[in-house]
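> need a structure here:
(chains A and B)
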Amino acid sequence: MKTLDVSDRVMDRVVGFEKFRTHCWLWMFRLGIGLLSVVLLYFLWRGGQLIAERGTLELLGLLREDREIIREYWRDTADIIIAELPQGTIFRAIVVIGIIFAVFLLTRRRRNIIRKKLQFIIKLGKKR
Amino acid sequence: MMEKRDEEYIRDVQDGDILAFENIVRRYQSRLFSFVMHLVRDPEVAQDVVQDSFVNLYKTVDRVDTKRKFSFYVFSIAKNTAFSYLRRQKKQVSLDDVAELAVDELLYEKLFDRDQAQAMERRLAELDEKYRRVITLYYYKDLSYEEISRKLRMPVNTVRTHLSRAKVFLRALISYENS
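Predicted coordinates:
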């Protein structure tokens, strides 16, 4: 059988392809997480704005009162605070946090593989 | 250090070890070159096709099922890459060549499989001397019909006939053993 050695040329092409593919994946991942983070920050800001508009935090002034007054009114105050909280916005923020967490969980194996590939790409880049 | 099986190297590549792919390339490059040469009949083109085949293999490595025989997959990719090249060159590939290549693919896989080396030796030993010589010169020494004809001092058509009969016999033997 005729001998042939194309391994160097093949590996050069493979490394070039993998560099491109890996960087594309990383940019897509960062973009995705970035967008989700922006959405989360918006919900947190909006929630904070609504709480400020409604003066919900002022109800926490109860804590400055005597212990007996706190003991008597804390349940009512808590009910009012919960009622006044922007529940829709908070719920959406929790959903986005859940999505970010799920993305990190589901891509854990893939990210480890990408990290390994990048290490090999750097190693091969130094060799060639 | 004991060499790993193909499937183990592929699993390493799927887990991110790019360097493990080089072992696959070194293991299959000569076999694929011989295989592709019989179709494209040009050594420089065959080299390019082999390189393209390996790159195509790498691009699809995540889809490889390591439970199945890997060599089938490799030869399949090489065959498709060679056909793509021939189509781009607008070269006609006859149905006989396609059928012959399908048999060749199977025979290449069996002839050069290290795990089947003993079994293949036994099968070749069952061939008639004249057929065995032609098969050995064609597949293991990569000689063309004309070179075999000169070496064995027989007409080229006789070489073709002997090779064809040898392949039919080997194929039948392999099918019988598998059934």
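> list the contacts for A:Val10?
B:22, B:25, B:51, B:54-55 (CB atoms under 8 Å, 6 or more residues apart in numbering or on different chains). The way it works is simple: take the backbone N, C-alpha and C, and place the C-beta from them, glycine included.
> out of those residues, which touch chain A?
Subset of the contacts of A:Val10 in contact with chain A: B:22, B:25, B:51, B:54-55, counting by CB under 8 Å from any CB of the partner chain.
> what would those look like in TSV with neighbour count?
Output for the ones next to chain A among the contacts of A:Val10, formatted as TSV (neighbours: other CB atoms under 10 Å in any protein chain shown):
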residue	neighbour count
B:Glu22	19
B:Val25	24
B:Gln51	20
B:Phe54	28
B:Val55	20
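> one step back: between the contacts of A:Val10, which sits nearest A:Asp79?
B:Val55 (66.5 Å; CB to CB).
> where does that closest one land in three-state SS?
At B:Val55 the chain is in helix, as set by DSSP: H, G, I helix; E, B strand; the rest coil.
> contacting residues around it?
Residues counted as contacts of B:Val55 (CB under 8 Å, 6+ apart) are A:10, A:13-14, A:17.
> just the buried subset of those residues, written out for PyMOL, thanks.
Filtering those down to the buried ones (16 or more other CB atoms under 10 Å in any protein chain shown) takes a single PyMOL command:
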select buried, chain A and resi 10+13+14
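> among the contacts of B:Val55, name the ones in helices.
A:10, A:13-14, A:17 (DSSP state H).
> can I get the contacts of A:Val10 in CSV including pLDDT and distance to A:Ile99?
What follows is the contacts of A:Val10, written out as CSV (pLDDT from 0 to 100; distance: CB to CB, whole Å):
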residue, pLDDT, distance to A:Ile99
B:Glu22, 93, 39
B:Val25, 94, 41
B:Gln51, 95, 42
B:Phe54, 96, 39
B:Val55, 96, 36
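> which one of the residues you listed sits closest to B:Asp6?
Using CB to CB, the contacts of A:Val10 come closest to B:Asp6 at B:Val25, 11.7 Å.
> name the residues of the strand or helix carrying that closest one that are buried.
In the assignment (DSSP states H and E), B:Val25 maps to helix B:20-40. For helix B:20-40, burial by neighbour count (16+ other CB under 10 Å) applies to B:20-25, B:27-40.
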